[in-house]
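Novice: Can you look at this prediction? I've put the sequence above it.
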Amino acid sequence: MRVLIAPDSFSGTLTALQAAEAMADGWRRVRPADELVLVPMSDGGEGLIDVVGHAQPSATWHTVEVADARGMATEAVWLELPDGTAVVETARACGLHTLPEDGRDPLRATTYGVGQLLGDVAASGCRRVVIGLGGSATVDCGAGMVSAMTGHALRRADGNGVKVGGRWVKESASLRPHVRPELGDVVIASDVTNPLLGSDGAAAVFGPQKGADAAGVAELEEAIAACAEVLERDLPGGPWRDRPGAGAAGGLGFALMALTGATPRSGAEVVAELVGLDVQRADVVVTGEGSIDAQTSSGKAPAFVATTARDAGAVTVGIGGRVHPAGTAGFDRVGELGEEGLTRAAGRLADVAAEVASSF
C-alpha cells in the first residue's frame, strides 16, 4: 500500500517535517511493508520556506538583515528556486512566534522587514515571488513594507516619514512619487480571505490574537482605514480594501495588492504546487495539524490535502493535537493526541499514527 504523509506543523510543538517523520515512524511499526512518501505541507504560514526547501533541495537560501516586528535588527531568509521563483515567508521577518507573549503589541509592530526582504528579492533578479502571509505579529496595513520598498515615500502631513508601527499609520497623508523595486509576478499564499476593515477585518479579527485589547482594536481600525485612504488615492488600480485577503497579515495583503499588484491564492494550493504534492498514486493520505476544528475547512492545509486526496479516490486520515467534530467532515478516519501531545508530541504522534495504521 502506498501512503502519502502530508501534515502541516503542530504549532508550538512540531514542524511539518518533524510531524511527517513522527507519523512515518509510527506507521512503520505496524505496516513496515507499506511505501511511505513524506511531503510536509504549509498553507503559507510559519514553516513555508522550510517545507519548500525540503521538497526542492537545490534551491538557494538567501540571508538578509532586516527589522523584526519591533524594529530591531534580525536575520531573515528567503528561498530562490531553480526556476527563478522567490519564496518569502512573512513570519521570518515579523512573526508572532518570535515575540514573548508580553512583548506582543500590534500597535507598535511593523512589516518594515518584509519590505526589506522583498527589496533583496528584487535586487537578486527574481521576477516571480510567492509570499506567505501567515503568522505575522502586525496590524499596520502593510505600511512598514510600503515605506521600506518606496524609500520612505509614505509621508505625514508635515512632510516627514510615517513612523513604523500600527499606531502611527493613522498619520499617513500622502504617498510621494517613488521608484520601487521591480518584483514581477507576485502571488500571495494565504488561507485568509478577510477584507481589510469592519467586523471581519484585520483589526477586529486578528488584533486580539496579536495582543490588542478592545481599545487597541478600535485604534488600529482607525489607523489602517486612514492608511488605506491614502494608498487607494495615490496608487492606481484600486480599491483593494474589500478584496478577499486584503486583511491578511494585518493588512499586508492589502498593501501588496496596492503596491505590487499581487494576486491572492489559496496558500495550501500554492504550496502543493511548490512541493509537488501528488495524491494520484496514493492509497491512503495522512495529514494533520495542531487543531482539527471548524477553521480547518477554511483553507487550511489538511483540508486541502484531504479534499484533493478524496477526489483522487484515496482514504483520508486526519490527526490533530485536538480534534473537534466540526473539523472532521473531510476525513475518513481521525486520530487525536490529547494532552499528552503537549509534553511528548513526536512520540504521541507516532503512537496515534500506529493506531490508525493498525486499522487498515
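Specialist: Yes, it's here.
Novice: ok so Glu65 is a helix residue?
Specialist: No. Counting by DSSP: H, G, I helix; E, B strand; the rest coil, Glu65 is not found in a helix; it is strand.
Novice: Show me the beta-bridge partners of it.
Specialist: For Glu65, the beta-bridge partners under DSSP bridges are Glu75.
Novice: what's the distance between it and Ala76?
Specialist: Distance, Glu65 to Ala76, by C-beta to C-beta, to the nearest Å: 8 Å. All C-beta spots, glycine's among them, are computed from the backbone N, C-alpha and C.
Novice: just Leu274 next, same as before
Specialist: Counting by C-beta to C-beta - Leu274 and Ala76 are separated by 19 Å.
Novice: Of these two, which one has the most company?
Specialist: Comparing Leu274 with Ala76 by other C-beta atoms under 10 Å, the one with more neighbours is Ala76, at 26 against 23.
Novice: Contacts only, for the more buried one.
Specialist: Ala76 is in contact with 63-66, 92-93, 113, 117, counting by C-beta atoms under 8 Å, 6 or more residues apart in numbering.
Novice: just Glu221 next, same as before
Specialist: Contacts of Glu221 (C-beta under 8 Å, 6+ apart): 197, 201, 203-204.
Novice: ok, those vs Ala189, which is closest?
Specialist: Minimum distance to Ala189 across the contacts of Glu221 is 20.3 Å, recorded for Gly201 (C-beta to C-beta).
Novice: Was I right to think the closest one contacts Gly207?
Specialist: No. Using C-beta atoms under 8 Å, Gly201 makes no contact with Gly207, being 9.2 Å away.
Novice: To what extent is Leu256 buried, counted in neighbours?
Specialist: For Leu256, the count of nearby residues is 34 (other C-beta under 10 Å).
Novice: my bad, should have said Val146
Specialist: Neighbour count for Val146, taken as other C-beta under 10 Å: 32.
Novice: on that earlier part again, between the contacts of Ala76, which sits nearest Leu14?
Specialist: Comparing those against Leu14 with C-beta to C-beta places Arg92 closest, at 18.6 Å.
Novice: can you give me the helices in the stretch 251-360 of the chain?
Specialist: For the stretch 251-360 of the chain, the helices defined by DSSP state H, counting those that start in this stretch occupy 252-260, 267-275, 301-311, 340-343, 345-357.
Novice: Put the alpha carbons of the lowest-mean-pLDDT helix or strand in the chain into CSV.
Specialist: In the chain, the helix or strand scored least confidently by mean pLDDT, DSSP states H and E is helix 340-343, which has a mean of 85. Provided in CSV are the C-alpha atoms of helix 340-343 (Å, rounded to 0.1, in the frame of the first residue of the first chain):
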residue,chain,number,x,y,z
GLU,A,340,0.0,14.1,26.1
GLY,A,341,0.7,15.7,22.8
LEU,A,342,1.8,18.8,24.6
THR,A,343,4.5,17.0,26.6
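Novice: who's in contact with that helix?
Specialist: Contacts of helix 340-343 (C-beta under 8 Å, 6+ apart): 10, 13, 321, 348-349.
Novice: Looking at neighbours, which among the residues you listed is most surrounded?
Specialist: The residue in the contacts of helix 340-343 with the most neighbours, by other C-beta under 10 Å, is Leu349 (30 neighbours).
Novice: pretty sure that one is touching Ser9, no?
Specialist: No. At 11.7 Å, Leu349 does not count as touching Ser9 under the criterion of C-beta under 8 Å.
Novice: Now the common contact residues for those two.
Specialist: Common neighbours of Leu349 and Ser9, using C-beta under 8 Å, 6+ apart, are Ala19.
Novice: gap between Lys38 and Gly115?
Specialist: One thing to correct before we go on: residue 38 is Leu, not Lys. 35 Å.
Novice: who has more neighbours, those two?
Specialist: Each of Leu38 and Gly115 has its neighbours counted (other C-beta under 10 Å); Gly115 has more, 27 against 19.
Novice: how about the least confident helix or strand of the chain: buried residues?
Specialist: Gly341 (16 or more other C-beta atoms under 10 Å).
Novice: What count of nearby residues applies to the closest residue to Leu274 other than its chain neighbours?
Specialist: Spatially, and ignoring its direct neighbours in sequence, Leu274 is nearest to Val52 (4.9 Å; C-beta to C-beta, 6 or more residues apart in numbering). Neighbours of Val52 under the rule other C-beta under 10 Å: 23.
Novice: what do you get for Ile131?
Specialist: Here the number of neighbours of Ile131 (other C-beta under 10 Å) works out to 30.
Novice: Do I have it right that it meets Met145?
Specialist: No. Applying C-beta under 8 Å as the test, Ile131 and Met145 come out as separate, 9.9 Å apart.
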